[in-house]
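Chemist: quick one, what's the 3D model for this:
(chains A and B)
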Amino acid sequence: MDHAAQREYPAPMPNTETQGFWDAVKEGRFLLRYCNDCERAHWYPRAICPFCHSKKTLWKEASGKGTIYTYSVMRRAKVPFATAYVTLDEGPTLLTNLVDCDLDGLSIGMRVEVTFVPSQDETLSVPVFRPLAPTQ
Amino acid sequence: MSINGKAYIVGAYEHPTRNAPDKSLAELHAEVAVGALTDAGLSREDVDGYFCSGDAPGMGPTSMVEYLNLRVRHADSTDIGGASYLSLVSHAAQAIAAGKCSVALVTLAGRPRSEGVATGLQAKLRSPWQPDAQFEFPYSMSNVNGYAMCAMRHMHQYGTTSEQLAWIKVAASHHASHNPDAMLRKVLTVEDVLESPVVADPLHRLDCCVITDGGGAVIVARPEIARQLNRPRVKIRGSGETVKHLAGGYFDLTTSGAQVSGAQAFEEAGVKPSDIQYASIYDSFTITVLMQLEDLGFCKKGEGGRFVQDGNLISGVGKLPFNTDGGGLCNNHPGNRGGMTKIIEAVRQLRGEAHPAVQVPNCQLALAQGIGGQLAARHGSATLILERE
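Modeler: Alright, predicted model coming up:
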């Protein structure tokens, strides 16, 4: 049962610092911001590295794979949906939604991968995650 | 410079309303200001410092100082959400210690109930220039599913149960049953909480706080002024504040900023958690209370569930009486910002003016703790330690 796919996603609001991320998402690519000085990836993406404050940051294509750190299914919504924090294989943990899954079959530690859904106004795409193995 | 003993809370007032469709926001601020001044035995002319937060209308202090027709030489409008008022009391004490003002008025008011704000369920749309917003807004993290994700992780990591969380609501409901102004006055059982509908796993409807209109105010003054007034004296012994956040994507959602703000406050006050006789703990949700109790050191990390169960937070029953007014969970959460009412009930306890059924005998030392913002992302935390002199 796939409730999550019926959900409407509000369009994100890119700004000059993050346009590259959203342009890539529209092409189906998931980028992480890396620092060339301290060689770590961070989230959410910034021009200035949050660890060493270097300006030598750049976009790198990410594996798009990770593990559920925590999640919650919002039951009091027209279409119930799952919010989650997913720890990416590259290190950082990010907020997302879980899709293509049985909302009652989720668990912490489950392996997931990135996928993309159109925003409500269809101007942009939104990265979301789905289980690597079926949840039923 | 320490603020220990440099300032006193001399006035406190909680608005009795929980639903105020007929009052403006500025009017509510003014009503609680008058209430706190009357309680202290002071008047408009005595106030020379004004403190408010993001709930105030217009340009905060600029608008409210004019509305109240005050003449101030110090103003502050720090906003760390619901924890702001604990932080503002500390800032007022710092300003008093530095000679910047002598009598500080701190106000809070809000009317989310009248405005029909579904506070807990809707994600808030922010500006594209708020750096986190674009990476969070599409996923509809609201108050309740954010705090629920903290609870889910805490359960996974430490074995905390929904029954244990329910005990926090049960304790608050026992206290609220003695408060005629409380929004929810019914004594609840663990079963009542568990049988209420799940809003966001694992939090039930009764794990959540109430949504109320209203407000509150406190007056902070120099020791010389406190001694001239005919009210029991509540000394500010220590304070702490911090901001906890997602740290570039490397974080732990089972701890709150109370770890940092609490340690600062205990150090400044020169006391330890076992010295505290009464605690006001911010209770937007049951999980908020449990995590703060651990982070303040009332029990070890991960043992909050066992600490709160079996009525340990019920006054006269357990070891740590908490939120004896019924808290945000049952009494009042004015303007969706529960920090002010945390201070006010601590003041009542120290003055011996809490309801007799919940009054802690000979209460000398109390703690008030707040979390503001999103526990599952960025939030402010502020702690106050107060003493009856």
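
Chemist: with residue A:62 as the reference, measure out to the closest residue to chain B within chain A.
Modeler: In chain A, no residue comes nearer to chain B than residue A:92, which is 2.7 Å away by Cβ to the nearest Cβ. Where you see a C-beta, it was placed from the backbone N, CA and C, and this is true even at glycine. Distance from residue A:92 to residue A:62, counting by Cβ to Cβ, to the nearest Å: 9 Å.

Chemist: that older thread, for the residue of chain A closest to chain B, which non-adjacent residue is spatially closest?
Modeler: residue B:249 (2.7 Å; Cβ to Cβ, 6 or more residues apart in numbering or on different chains).

Chemist: got it, and residue B:61?
Modeler: That would be residue B:75: by Cβ to Cβ, 6+ apart, it lies 3.9 Å from residue B:61.

Chemist: and that neighbour, what element?
Modeler: Using DSSP states H and E, residue B:75 maps to strand B:74-76.

Chemist: which elements pack onto that strand?
Modeler: strand B:49-51, helix B:61-67, helix B:84-97 (3 or more Cβ pairs under 8 Å, 6 or more residues apart in numbering or on different chains; DSSP states H and E).

Chemist: in the second one, what counts as buried?
Modeler: In other words, helix B:61-67. B:61, B:63, B:64, B:65, B:67 (16 or more other Cβ atoms under 10 Å in any protein chain shown).

Chemist: residues near the residue nearest to residue A:92, how many?
Modeler: A count of nearby residues for residue B:249, using other Cβ atoms under 10 Å in any protein chain shown, gives 22.

Chemist: so which residues of the chain form helices?
Modeler: The chain I'm using is chain A. Counting by DSSP state H, residue ranges of the helices within chain A are A:19-26.

Chemist: switch to chain B, that's the one I care about
Modeler: For chain B, the helices defined by DSSP H cover B:25-40, B:61-67, B:84-97, B:112-115, B:143-158, B:162-176, B:190-195, B:223-228, B:258-269, B:286-296, B:304-308, B:339-351.

Chemist: ok, which of these comes nearest residue A:100?
Modeler: Shortest distance between residue A:100 and these, using Cβ to Cβ, is found for helix B:143-158: 19.2 Å.

Chemist: run the chain-centre distance for the closest one.
Modeler: With Cα atoms, centre = their mean, to the nearest Å as the basis, helix B:143-158 stands 20 Å off its chain's centre.

Chemist: kindly report the same for stretch A:90-104.
Modeler: Taking the mean of its C-alpha atoms, stretch A:90-104 sits 7 Å from the chain's own mean (Cα atoms, centre = their mean).

Chemist: enumerate the positions of it that are buried.
Modeler: Those would be A:90, A:92, A:93, A:94, A:95, A:96, A:97, A:98, A:99, A:100, A:101, A:103, for stretch A:90-104 by 16+ other Cβ under 10 Å.

Chemist: could you do stretch B:178-192 as well?
Modeler: B:178, B:179, B:181, B:182, B:183, B:184, B:188, B:190, B:192.

Chemist: what does stretch B:223-236 give?
Modeler: B:225, B:226, B:229, B:231, B:233, B:234, B:235, B:236.

Chemist: got these as JSON lines, with pLDDT columns?
Modeler: Shown next, in JSON lines, are the buried residues of stretch B:223-236 (pLDDT from 0 to 100):
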{"residue": "B:225", "pLDDT": "98"}
{"residue": "B:226", "pLDDT": "98"}
{"residue": "B:229", "pLDDT": "98"}
{"residue": "B:231", "pLDDT": "94"}
{"residue": "B:233", "pLDDT": "97"}
{"residue": "B:234", "pLDDT": "98"}
{"residue": "B:235", "pLDDT": "98"}
{"residue": "B:236", "pLDDT": "98"}
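
Chemist: can I get those residues in CSV with distance to residue B:21?
Modeler: Output for the buried residues of stretch B:223-236, formatted as CSV (distance: Cβ to Cβ, whole Å):
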residue, distance to residue B:21
B:225, 37
B:226, 37
B:229, 35
B:231, 33
B:233, 38
B:234, 34
B:235, 39
B:236, 36
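
Chemist: can you give me the strands in chain A?
Modeler: Remark: strands assigned in chain A by DSSP state E are A:31-35, A:41-42, A:57-61, A:65-74, A:81-88, A:93-98, A:111-118, A:125-131.

Chemist: against residue B:306, how distant is residue B:263?
Modeler: 22 Å.

Chemist: same thing with residue B:259?
Modeler: Following Cβ to Cβ, the distance that separates residue B:259 from residue B:306 is 19 Å.

Chemist: same check, this time on residue A:15
Modeler: 46 Å.

Chemist: what does residue A:101 give?
Modeler: 33 Å.

Chemist: again with residue B:141
Modeler: Distance from residue B:141 to residue B:306, by Cβ to Cβ: 29 Å.

Chemist: looking at those two, which one has more neighbours?
Modeler: Comparing residue B:141 with residue B:306 by other Cβ under 10 Å, the one with more neighbours is residue B:141, at 27 against 16.

Chemist: so who does the residue nearest the centre of chain B touch?
Modeler: Nearest to the mean C-alpha position of chain B, by Cα atoms, centre = their mean, lies residue B:339 at 2.2 Å. When contacts are counted by Cβ atoms under 8 Å, 6 or more residues apart in numbering or on different chains, residue B:339 touches B:82, B:83, B:84, B:85, B:86, B:87, B:108, B:282, B:368, B:370, B:372, B:382.

Chemist: need those in JSON lines with distance to chain A, neighbour count and pLDDT, can you?
Modeler: Converted to JSON lines, the contacts of residue B:339 look like this (distance: Cβ to the nearest Cβ, whole Å; neighbours: other Cβ atoms under 10 Å in any protein chain shown; pLDDT from 0 to 100):
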{"residue": "B:82", "distance to chain A": "21", "neighbour count": "31", "pLDDT": "97"}
{"residue": "B:83", "distance to chain A": "22", "neighbour count": "32", "pLDDT": "98"}
{"residue": "B:84", "distance to chain A": "24", "neighbour count": "29", "pLDDT": "98"}
{"residue": "B:85", "distance to chain A": "28", "neighbour count": "33", "pLDDT": "98"}
{"residue": "B:86", "distance to chain A": "27", "neighbour count": "33", "pLDDT": "98"}
{"residue": "B:87", "distance to chain A": "24", "neighbour count": "29", "pLDDT": "98"}
{"residue": "B:108", "distance to chain A": "27", "neighbour count": "32", "pLDDT": "98"}
{"residue": "B:282", "distance to chain A": "20", "neighbour count": "32", "pLDDT": "98"}
{"residue": "B:368", "distance to chain A": "29", "neighbour count": "29", "pLDDT": "99"}
{"residue": "B:370", "distance to chain A": "23", "neighbour count": "36", "pLDDT": "98"}
{"residue": "B:372", "distance to chain A": "19", "neighbour count": "29", "pLDDT": "97"}
{"residue": "B:382", "distance to chain A": "24", "neighbour count": "34", "pLDDT": "98"}
